[in-house]
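Asker: sharing a model that was predicted from the sequence below.
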2 protein chains.
Amino acid sequence: MLEHQEEAPVPGKVTIYDVARRAGVAPSTVSRAFSRPGRVNAATAERIRRVAEELGYRVNPLARALSTARTGMIALVVPDIANPFYAEVILGAQATATRAGFTILLADTQESGRIERAALERAMPTVDGILLAGSRMSDSAIRMVSKQKPVVVLNRAVVDVPCVVPDNARGIRGAAEHLAELGHQHITYVAGPEASWADGMRWRSLREVALELHLRVGRIGPFTPDVQGGVRAAEEMGTSPTSAVIAYNDQLAIGLIRGLAARGVRVPQDVSVVGFDNIFAADLITPGLTTVAAPLHTEGATATKHLLAMISGTASRRSEPGAQRVPEQAGQAVVLPVRLVVRGSTAQRSRKRTSPASGTTRVSPSAAKAATSTSAGSR
Amino acid sequence: MLEHQEEAPVPGKVTIYDVARRAGVAPSTVSRAFSRPGRVNAATAERIRRVAEELGYRVNPLARALSTARTGMIALVVPDIANPFYAEVILGAQATATRAGFTILLADTQESGRIERAALERAMPTVDGILLAGSRMSDSAIRMVSKQKPVVVLNRAVVDVPCVVPDNARGIRGAAEHLAELGHQHITYVAGPEASWADGMRWRSLREVALELHLRVGRIGPFTPDVQGGVRAAEEMGTSPTSAVIAYNDQLAIGLIRGLAARGVRVPQDVSVVGFDNIFAADLITPGLTTVAAPLHTEGATATKHLLAMISGTASRRSEPGAQRVPEQAGQAVVLPVRLVVRGSTAQRSRKRTSPASGTTRVSPSAAKAATSTSAGSR
DNA sequence: ATGAAAGCGCTAACAT
DNA sequence: ATGTTAGCGCTTTCAT
């Protein structure tokens, strides 16, 4: 009679023991039937499956995780989900994670290093690996983390930690060449967060390519990498900006265009603007934003693919504490190709503007320190 | 000497046993010290904390979950993370979840009911509750789920399941009144997904308020609720749309404006457009989009708050299978206030346009078939 | 207030 | 191929 209790399939309460009893086998056999099909007789396996089915049995991932030390979850840590940039990355990550049977634990750190640490603290013991996109932590902190669990970093190069980054150099080069072809001779770089690796990378690349192309460059910033920041940048630029500007990212570029418009400066007639990332909105605004398209979705996917590889790599040697580090070409950043998407925000340099034929070849960005754009002096 | 093994704080491997031994207490005491402070002598508690600290001990959430049946995770299921609408909701949810010590398990269902089911299947056993935003499942399927775990539904009313929705009726009313004040007498509703509860709600509300305000209304659609859909809607509208339109959501409205612009119809001079949601981009495009601002962030936060309440409610009676349903005012949808944000996409009705004084109270938008779609028949 | 011991549901040697 | 037996790390009666 007690058997009757089984008759009511209470979904979350059926265990392998229930199935085992009902199928007339040992619990371990049921376990095998689910965790490693093939290691059990096809016939019994089938029977077990049937019984499990009718009993409404589902494996309990938690219990499984407790003994295997593998949870099937990976943490995705981002500074701001609402940032379309990360949204795309998340999508890419989610897609390949799901396909591999992994679940994503999402953590938004609100652009705060403190929250990021806390989030990691919480998530770490629950996940098999970590995807760090736009981390605010220091390189050494990241290395620390990667010593405990497999980690892949996005959009940033950290020594000794697998990274996935867009080809910033080529992207900036493409943008600069495009601008040069349109007759622009002086480009202003609108900088993003000071601490951003990508920002440094882009600015450096710009200076290099400028040298090569005989362009002059200036720089203002840093600004927060959002629309707000762009508006502020426009203010800082004053009424006579250079004829061309490359912004750290699209949000900044969009804000810049708005800010410029508000002060009567027209884009692209008066100044050409190029962004970076090619977020969704780049195509929505007027004029459309010319921008360096980063393979957002692909970045997420690629990073996840690597992470999963690392995870299955470490899976074997559980007991070796220090062995967490994987043979993978650690430290070797995978760089993904980018492409320039030309839209309406860039145009032939207007002849009406004064052409600063004078001026040195390469303008010292020291002018940047003048809060309210003294850098204008260079023009 | 064996003791020395403890000296190397291998972060993920320290257990309460290690701490207990080192602190000279029983494992159960260590457990108490962490899970229910107060039930242990303040002094010993302190000592335990210290030892734990220096040993680098962290409670293992999985192990804890296995015995308590509470994981501290809630699943957030959304159709599309990249959709700015959901991005905001996610943020709101994440914020309050984190504050309560909960972690979010994110699942993007790619607008697919099938994937949604699969995701739930996977997540269910791992989470304490579920947040369903923009679910593609049937009401009954949702009720089924909510019988197993606490569930809160967003942007949709499902009988017997706690819901959080924006005040669609008031929102539409506000939009219609605004349009009426501007002199518009005929409003076209650009419909979203056929299966969408919100869409039905909005259309119905529009008809009601139209009756009251002596406005005529028409409707075209359904369209996919994205920019693409809006562009298609523009095509379907032909060259002589009504002077005012309300779209199911902002993306549709944005696409519509683009599509209209492409065919030489100017917004707001020729036609006024109102959206719904007030997503980020609504303020970026030109002209700015007049729209009904839904409290996106608040929705996520509110829903989460309710879910957490339900969770702590069910926490007590673990053994009562059928008792999962909470006393909460189940079925009672919480409706959140909205407000109209007026931007540049709406304007006084242009006198130049032919005023269709003739025509029935409700004009059949048959003109739509002029475009490419044949689906026009159903409207 | 603290200790001892029995699980939570599953996996993993080790047998057979 | 399948059964036995220990755990995984923590919580939780039940004693003391």
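Answerer: Perfect, I can see it now.
Asker: could you tell me what pLDDT the model assigned to A:Glu111?
Answerer: At A:Glu111, the predicted lDDT confidence score is 85.
Asker: burial measure for it, as a count.
Answerer: The number of residues packed near A:Glu111 is 17, by other C-beta atoms under 10 Å in any protein chain shown. For every residue, glycine as well, the C-beta is placed using N, CA and C.
Asker: also A:Val14?
Answerer: When counting by other C-beta under 10 Å, one arrives at 18 neighbours for A:Val14.
Asker: you'd agree it is up against A:Glu54?
Answerer: No. Using C-beta atoms under 8 Å, A:Val14 is not in contact with A:Glu54; the gap is 10.1 Å.
Asker: which one is the residue of the stretch 201-350 of chain A found nearest chain B nearest to, not counting chain neighbours?
Answerer: Taking C-beta to the nearest C-beta as the measure, the stretch 201-350 of chain A has A:Thr286 as its residue closest to chain B, at 4.1 Å. In this structure, A:Thr286 finds its nearest non-sequential neighbour in B:Thr286, 4.1 Å apart by C-beta to C-beta, 6 or more residues apart in numbering or on different chains.
Asker: need the contact list for the residue of the stretch 201-350 of chain A closest to chain B.
Answerer: Each residue near A:Thr286 by C-beta atoms under 8 Å, 6 or more residues apart in numbering or on different chains is listed here: A:344, B:285-286.
Asker: now do the contacts for the closest residue in space to A:Arg122 that isn't next to it in sequence.
Answerer: Take A:Arg122 and drop its neighbours on the chain: the residue closest to it by C-beta to C-beta, 6+ apart is B:Thr103, 6.0 Å away. Contact partners of B:Thr103, counting by C-beta under 8 Å, 6+ apart, are A:105, A:107, A:122-123, A:126, B:72-74, B:97.
Asker: so which of the residues you listed reach DNA strand D?
Answerer: Filtering the contacts of B:Thr103 for proximity to DNA strand D (criterion: C-beta under 7 Å from any atom of the strand) leaves nothing.
Asker: B:Asp277: which of those residues is nearest?
Answerer: Distance to B:Asp277 across the contacts of B:Thr103 (C-beta to C-beta) is lowest for B:Ala97, with 22.1 Å.
Asker: quick one: contacts for that closest one?
Answerer: B:Ala97 touches B:74, B:103-104, B:304, B:308, counting by C-beta under 8 Å, 6+ apart.
Asker: name only those of those that count as buried.
Answerer: The neighbour-count test (16 or more other C-beta atoms under 10 Å in any protein chain shown) applied to the contacts of B:Ala97 identifies B:74, B:103-104, B:304, B:308 as buried.
Asker: turn these into CSV, including secondary structure.
Answerer: What follows is the buried ones among the contacts of B:Ala97, written out as CSV (DSSP: H, G, I helix; E, B strand; the rest coil):
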residue, secondary structure
B:Ile74, strand
B:Thr103, strand
B:Ile104, strand
B:Thr304, helix
B:Leu308, helix
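Asker: where does pLDDT dip in the stretch 201-350 of chain A?
Answerer: By pLDDT under 70, the low-scoring segments of the stretch 201-350 of chain A are A:240, A:315-331.
Asker: got the residues of it near chain B?
Answerer: Taking C-beta under 8 Å from any C-beta of the partner chain as the criterion, the neighbours of chain B within the stretch 201-350 of chain A are A:227, A:254, A:258, A:280-281, A:284-286, A:321.
Asker: mind giving me the PyMOL select for the residues you listed, buried ones only?
Answerer: Entered in PyMOL, the line below selects the buried ones among those, by 16+ other C-beta under 10 Å:
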select buried, chain A and resi 227+254+258+280+281+284+285+286
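Asker: show me the residues of the stretch 201-350 of chain A next to chain B that map onto helices.
Answerer: Within these, residues falling in helices by DSSP state H are A:227, A:254, A:258.
Asker: okay, those in JSON lines with distance to A:Val151 next?
Answerer: Below are those laid out as JSON lines (distance: C-beta to C-beta, whole Å):
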{"residue": "A:Val227", "distance to A:Val151": "31"}
{"residue": "A:Ile254", "distance to A:Val151": "32"}
{"residue": "A:Arg258", "distance to A:Val151": "37"}
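Asker: which of the residues you listed lies closest to DNA strand D?
Answerer: If you rank those by distance to DNA strand D using C-beta to the nearest atom of the strand, A:Val227 comes first, at 44.5 Å.
Asker: distance of the nearest residue to that closest one once chain neighbours are set aside from DNA strand D?
Answerer: Computed as C-beta to C-beta, 6+ apart, the closest residue to A:Val227 that is not its neighbour in sequence is A:Gly255, at 3.8 Å. Using C-beta to the nearest atom of the strand, to the nearest Å, one obtains 47 Å as the distance from A:Gly255 to DNA strand D.
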